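**Student:** How does the following fold in three dimensions:
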Amino acid sequence: MKARLIDDTEIRIRGIETLNKVLGPTAALRFLTLLHREATDYVEVSKRLYKRQTIDEIFKRAKRYRGKK
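**Tutor:** I've put the predicted structure just below:
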């Protein structure tokens, strides 16, 4: 299945819908508030996001994504 590129507005809408579905409206709003209120350690986020992935896997995915633009 080929993934289609979606615009920023659609990403925001889908993200909020997913947060509401998974966390519920109150926790979703709390999560979004935390993002704006507290500094984010993007290094730690990246470590958790890419855990158990090799550098080669990450680069392959990035190349595929870049080729779709």
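
**Student:** Name the SS class of the residue most central in space within the chain, please.
**Tutor:** Central residue of the chain (CA atoms, centre = their mean): residue 15, 8.2 Å from the mean position. Look at residue 15: counting by DSSP: H, G, I helix; E, B strand; the rest coil, its state is helix.

**Student:** now do residue 6
**Tutor:** Here residue 6 is recorded as coil under three-state DSSP.

**Student:** Burial check on it, number of neighbours?
**Tutor:** 10 (other CB atoms under 10 Å). For the C-beta atoms, the positions are set from N, CA and C on the backbone; glycine is no exception.

**Student:** ditto for residue 27
**Tutor:** Residue 27: 12 surrounding residues under other CB under 10 Å.

**Student:** Identify the residue spatially nearest to it, adjacent ones excluded.
**Tutor:** Nearest non-adjacent residue to residue 27, counting by CB to CB, 6 or more residues apart in numbering: residue 19, 7.9 Å away.

**Student:** Surely the one you found is in contact with residue 31?
**Tutor:** Yes. Counting by CB atoms under 8 Å, residue 31 is a contact partner of residue 19 at 6.1 Å.

**Student:** Who has more neighbours out of those two?
**Tutor:** residue 19 (17 against 12).

**Student:** show me what contacts the more buried one?
**Tutor:** 27-28, 31-32 (CB atoms under 8 Å, 6 or more residues apart in numbering).

**Student:** Which secondary structure element is home to it?
**Tutor:** Using DSSP states H and E, residue 19 sits in helix 8-23.

**Student:** can you tell me the average pLDDT over the next helix or strand after that helix?
**Tutor:** Later in the chain than helix 8-23, the nearest helix or strand by DSSP H and E is helix 25-37. For helix 25-37, the mean per-residue pLDDT is 87.
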